[in-house]
Structures are given as structure tokens and as C-alpha cells.
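[1] Return atomic coordinates for the entry below.
(chains A and B)
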Amino acid sequence: MPVKALYDYDFPSADRAELFGDDQLVYVHWDGNPLFCSAACFRVPRALPFGEFAAQIVGPWAASDPDFDPGAVLRWRLFDEPLTPEPGRSLADLGIGHKALLHFSV
Amino acid sequence: MTQAAPRAAAQKTRKLPLKERYALLTRDLDWEPSYVGKEQLFPYTSYEGIKIHDWDGWQDPFRLTVDAYYKYQAEKDKRLYAVLDSFAQSQGHLGLSDASYLNAIKLFIQGVTPLEYAAHRHFAYLARYLEGPAPRFAALCQSIDELRHCQTQIHTISNYNKYYGGFHSWSKMHDRVWYLSVPKSLFDDAMSAGPFEFLISISFSFEYLLTNLLFVPFMSGASFNGDMPTMSFGFSAQSDESRHMTLGLEAIKFLLEQDEANVPIIQGWIDKWFWRAYRMSALVAGMMDYMLPKPVMSWKEAFELYFEDQMLGGLFPDLDFYGITPPRHVEDAIAEKDHLSHQVYKILHNFSFAASFTTQTPSEEHSRWLAEQYPATYPQLYKPVWDKHARAEAAGGRIFFQGLPQLCQVCQIPMAFTEPDDPAAISFRRSEYRGETFHTCSNGCQWIFEREPEKYVQAWLPVHQIYQGHCGGATVPEVLQWYGIQDGDNGEYKGSPDARSWAQWHASAAAQGV
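    Prediction:
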């Protein structure tokens, strides 16, 4: 149902991909860890290799939990689908797009 | 002048009965436009599709007049300001239950007071643009009420600004800070809708359906915790609030009675605005169950009494006569009443390093109260997490969320809510619009997004704005400075400037034998 308005109602999205240049937003959720209230949101280059993403972006955040063990991370998912993240491939190559939601568990 | 007034003049100033004065003030001051057409004079009352056949069908049970209104409000102000003066002069703040109580009041002045001002502005707009003279006058009175509430809240609460952190810059914070975008964006949503949708959103859903859940907890929390000024403000506003509730109910009945074609439009707005207002009330849930050193009643109990009994049990059976059904997704709200406050306070506790209030892990005593109130959920699901926080704190740490959260595109609350049937799984909802992904926290917010995606794609989501570089910089200190949050306003309560001052004031009072 379109917005009812007195004029042509057409505005761009406030977070459209082009506003982030070569970067994009990615969400990461640690499944089953209620110490974190929600998934985290990161701004990262699309070309960032997954290995670096996991070690330099996700790791420091996940370490908010003193029990976090980077070696124990497994079962990555992209939205609801299983994901096999090869560390050398970029986020873009792995199909992880703007505002994608990743999950992992330990 | 000692000269006696002529008899004729004395007769002219004879006081008319209230009902007659009200009729003269409203209907008799109205006129048919002759220089411009009605559509030019009232350009906003047709595009929403609402059909009004007889504006005189609007009944205002209060029949206020200008002189009665001002006289009554002036008396109430006199009483309120007497309480404020005596509280300030007697150092009344030292008699609060604890300095941590004031976190609830910080949330109030940052989150609620600016909404009073926004309501003042928008009711002034309705007072000009509604076609009927009676609803115009009712909107005018409410507009003045809202301005008075804004002012009296500022005067009531600013007394604490001399002694405690977090009470400054609330107006700037309302426009900028992440958790305050929740109430701000709700009101912006309502104010950018048409006049009839605004009536259903604010007058009906906000002021009628959920007012007892949104405002009463703050006021009874104040009275339980020794905050006489805020309690007196609550009393002072109470008669206005009951008038606003009546306006909300009158508005919906009037619109429903005018034309059958209005019914599905109104139902859509009730479905949308119940969920919008309910989602915002989540902040109140967290406040009620976790921020009051002397809790009043649990969120769950308040929800059952004020919403399930009074609204679902009382109001909606009445509205059934018009073909109105209870709001969509109400069953999801009922399903999460045992979880809501715990999940929301978790957010605030995770992120209070970036808030203009402090949080703390519940004490053993408070934890026992929570377990009594939520025997089916607290001990199993939430206490173990607080225990982990307590262990880290005992070892000298304080666990915060070292990053930024994913936000809901509609309510703008971090996506912390769980599935209605699975408290272990976060409720992630996803929609695609014009090739872009949008995330929402619940069935209710997703439904609202998909109903008007072109509106919500514009949302100013604080996390994404920080990442676009619009909030002062890329680091936490830069963002906090842009927010107007000063060191000590934020973070953990234990050891905070407020906690230290409180302990010092009470220790010196004890030493002096006071």
C-alpha cells in the first residue's frame, strides 16, 4: 500500500549501498549467546578477505565475552543458509552483500 | 472609578451557563468561507480517504471554555511550583530511595519531555486545520496542555541537574542519541502522517490505549522512590491526561460513526499504531523492572492490568460494535510479556557506555524480586546471564558490547527481541525493497515496514548514520561528544560520579548525626 500523500512520494533509502562507497554494512550474530543483546553491525570493505574479517573485525567484538575462543568458532551461516567461508576469499566473492546477516556459533 | 455601572451593562455581562458559553465559543465562532473554497481553507482533511459528513457530530464531554481552562491550569501550576520550591529548599533529593533511581528520570526528560513539545506543535496544527470547530478547540486546549507539560517537566526535573549527571543537553540528545531515536522517530512518523492518522496514532493509540502503561509507571515509580516533584507533576497532568484520553476515544468513535468506509482505514491505523506505541513502551518495561530501587509493580503485571484487562477486555468489545477488531499482532505482545523488560534492560546494560544514564547488574535482592515476578522465565533464562556479568565485575571487569548493534528499521530498537515461541532465538525478519535488504525485529515491525516501505527506507538509523560519518567521527569518544554526553553521565552506576556523591552526602550526614 503506497503512502498516502498530497504529492509524488518518492525518496531514496537512507542507507543505500552507494553511500558506503567500496564498503558495506554487515551484521554478525553469535547464535545462542545471550551476553550480547543483539547482532553487531560493522562497516567493512567489500574486498576484505573473510579471514581478516573474522580475525580483525568479528574477533575483537566477540571478545567482549571473556570466554570467547576464536578457535572454537564454527557453523557460519549467511542469513539462513550454511556458509563455508574460505579465509582468502573476499566478502563479495562469498556472496556477502550490503546489509547481509551472518551467524556463527561456538 | 467609583461610578456605578449602568444597569444595561450589568445585564450584558451576566454569566451564561457553561454549556451555552461553550456553544458560543465553538459553533458560534465558526463561519462559512466566502473568499476561498473550503478545500483551500482545509487542504489536509480529504487525502487520507476519511469521509466526514457532519463535523457537528463531534461531542466534547468536557465543554471547556477559555476562562475555565486558564483558571484551572493556573491553580494547578501554583500547587506544583509550591512543591518544587519546598523540595529544592529542603534538599529533598537526599531523601530519594537511591541516586540510581534518577536514571529513570533521565530517560524521562530525554525521551518523553521532547515528545510533549512535539505534541504541542502538532495539536496546534490540528487546531488550525481540522474542519469542525469543536475538534479544533479540543486540539487547541491539548496543544496548550502539551506545552505546559513540557515546561513543567523541565522545571520539575531540572532541579536534579545541579547535583547529578546526565540531566543536561537532553534536547540535543533527543535529536541525536541512539536510544532516543526510538521515541523521536515514532513521533516523526505520526507528525508526517495526515491529521486523521495522527489522531489515531497519538490521541487514540498513545493517549488512550497505552497511556497507563507509558506514563503511570513513571509517576508511581516517583512516588515509591521519594521523588515528590515528579509525583506532583504527575498529579498536575492527570486531569489533562484524562481529557486527552477522552479526546482519543471521541476521535475514534466520531470517525467510525461518520462513514462505514472509514472503518477499514481506521483498523489499519490501529494495527500499525498499537505496535508502534507498544514497541516504544519496551523502554518503559526495562525502566520499571530494572531501574527503580523500590519497584512498584512488574511490567508483566502492569501489562495484564492496563492492557489485557482494561483494553482487550473493556474497550475492544465496545469497538466491536463498529466492526473494529483487536490490533494485529497483539498475540505477539502477550506472548513476550515475560521477556520484554529483561531483553530491553540487557540492551541498555550492554550499551550504557554510550547513554546519558548508567546501568548496573541487578543486586541479589533485586534479582529475588525479579524471580518472584517472573518465575517461569527469569531464573532459567535471564539470571544466569546476570550472574556471568556479576562474576566479571567481581573480578574487576565490566562487560559492555564492544561495537554497535543491528537496529530494527521501524522501531529503531536494537534487534534483541526473541521469537514469540522460542526465547532462545532472536526474531530476525527480512524484507527486500527496490533491491535493498531491510531488517525488522518482529512480525509487527515487518508488517508496518511492508505496508509503507517508501516511508521507512528513509529512517535515520543511528548506527548506520555513525558509519556514514554523520555523528562526529568514527570513535566512541567522538560520537559521545557529538551526542553531548559528558564523562560520568554514562557507563556503569557503581563507582559513577552519582554513586560517589550519593555515598559522600549520606556519609557526612551520618557523621553529623543528621
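[2] By residue count, tell me the biggest helix in chain B.
    helix B:228-258 (DSSP state H).
[3] which is the next helix or strand following that helix?
    Per DSSP states H and E, the first helix or strand lying C-terminal to helix B:228-258 is helix B:262-290.
[4] distance of A:Pro34 from chain B?
    5 Å (C-beta to the nearest C-beta, to the nearest Å). (Glycine included, C-beta is placed from N, CA and C.)
[5] show me the contacts for the nearest residue to that residue once chain neighbours are set aside.
    In this structure, A:Pro34 finds its nearest non-sequential neighbour in B:Val385, 4.9 Å apart by C-beta to C-beta, 6 or more residues apart in numbering or on different chains. Contacts for B:Val385 (C-beta atoms under 8 Å, 6 or more residues apart in numbering or on different chains) come out as A:34-35, B:346.
[6] helices or strands up against the lowest-mean-pLDDT helix or strand in chain A?
    Using mean pLDDT, DSSP states H and E, the weakest-scoring helix or strand in chain A turns out to be strand A:74-78, at a mean of 95. Packed against strand A:74-78 by the contact rule (3 or more C-beta pairs under 8 Å, 6 or more residues apart in numbering or on different chains; DSSP states H and E) you find strand A:100-105.
[7] Pull the residues that contact the strand it packs on.
    Counting by C-beta under 8 Å, 6+ apart, residues outside strand A:100-105 touching it are A:26-32, A:39, A:58, A:73-79, A:83, A:96, B:406, B:428, B:430, B:437, B:439.
[8] Only whichever of these are buried, select them in ChimeraX.
    To isolate the buried members of those in ChimeraX, using 16 or more other C-beta atoms under 10 Å in any protein chain shown:
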select /A:26,27,28,29,30,39,58,73,76,78,83,96 /B:406,428,437,439
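[9] what about the residue in the stretch 51-200 of chain B that chain A sits nearest to, distance to B:Val410?
    Per C-beta to the nearest C-beta, B:Gly194 is where the stretch 51-200 of chain B lies closest to chain A, at 6.6 Å. Computed as C-beta to C-beta, to the nearest Å, the B:Gly194 to B:Val410 distance reads 19 Å.
[10] Same check on B:Tyr81?
    B:Tyr81 is 40 Å from B:Val410, by C-beta to C-beta.
[11] ok, now B:Phe123?
    B:Phe123 is 25 Å from B:Val410, by C-beta to C-beta.
[12] higher neighbour count, the two?
    B:Val410 (30 against 26; other C-beta atoms under 10 Å in any protein chain shown).
[13] show me the contacts for the more buried one.
    B:276, B:279, B:440-441, B:445-446, B:448-449, B:456, B:459.
[14] filter those by proximity to chain A?
    Of the residues in these, proximity to chain A by C-beta under 8 Å from any C-beta of the partner chain holds for B:Ala459.
[15] Redo the contacts of B:Val410 as TSV? Include pLDDT.
    TSV is the format used below for these (pLDDT from 0 to 100):
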residue	pLDDT
B:Arg276	97
B:Arg279	97
B:Thr440	98
B:Cys441	98
B:Cys445	98
B:Gln446	98
B:Ile448	98
B:Phe449	98
B:Tyr456	98
B:Ala459	98
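[16] Now, the contacts of B:Val410 that are in helices?
    Secondary structure from DSSP H places B:276, B:279, B:445-446, B:448-449, B:456 of those in helices.
[17] Just put those in TSV and tack on neighbour count.
    Below are the ones in helices among the contacts of B:Val410 laid out as TSV (neighbours: other C-beta atoms under 10 Å in any protein chain shown):
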residue	neighbour count
B:Arg276	23
B:Arg279	24
B:Cys445	26
B:Gln446	22
B:Ile448	26
B:Phe449	22
B:Tyr456	25
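[18] any chance of these in CSV, with distance to B:Ala118 too?
    What follows is those, written out as CSV (distance: C-beta to C-beta, whole Å):
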residue, distance to B:Ala118
B:Arg276, 15
B:Arg279, 18
B:Cys445, 21
B:Gln446, 26
B:Ile448, 20
B:Phe449, 22
B:Tyr456, 19
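[19] elements contacting the strand ranked longest in chain A?
    Ranked by number of residues, the top strand in chain A under DSSP state E is strand A:23-30. Applying 3+ C-beta pairs under 8 Å, 6+ apart, one finds that strand A:23-30 contacts strand A:40-45, strand A:100-105.
[20] Note down every partner strand of the last one and its orientation.
    Paired neighbours of strand A:100-105 in the sheet (DSSP bridges): strand A:23-30 (parallel), strand A:74-78 (antiparallel).
[21] Output the last one as PDB, restricted to C-alpha atoms.
    C-alpha atoms of strand A:74-78 as PDB (Å, rounded to 0.1, in the frame of the first residue of the first chain):
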ATOM      1  CA  LEU A  74      32.100 -22.800  13.700                       C
ATOM      2  CA  ARG A  75      28.900 -23.200  11.700                       C
ATOM      3  CA  TRP A  76      28.800 -19.900   9.800                       C
ATOM      4  CA  ARG A  77      25.600 -19.000   8.100                       C
ATOM      5  CA  LEU A  78      24.600 -16.300   5.600                       C
END
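[22] which residues touch that strand?
    With C-beta under 8 Å, 6+ apart as the criterion, strand A:74-78 contacts A:31, A:82-85, A:94-96, A:100-106.
[23] Please enumerate the strands of the stretch 351-500 of chain B.
    For the stretch 351-500 of chain B, the strands defined by DSSP state E, counting those that start in this stretch cover B:404-405, B:418-419, B:422-426, B:429-433, B:436-440.
[24] The second one pairs with which strands, and in what direction?
    For strand B:418-419, the paired strands and their directions (DSSP bridges) read strand B:422-426 (antiparallel).
[25] Just the C-alphas of the partner strand, formatted as PDB.
    Output of strand B:422-426 as PDB, limited to C-alpha atoms (Å, rounded to 0.1, in the frame of the first residue of the first chain):
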ATOM      1  CA  ASP B 422      11.300 -19.500  21.200                       C
ATOM      2  CA  PRO B 423      13.000 -17.300  23.800                       C
ATOM      3  CA  ALA B 424      16.500 -18.700  22.700                       C
ATOM      4  CA  ALA B 425      16.200 -17.400  19.100                       C
ATOM      5  CA  ILE B 426      16.400 -13.700  18.100                       C
END
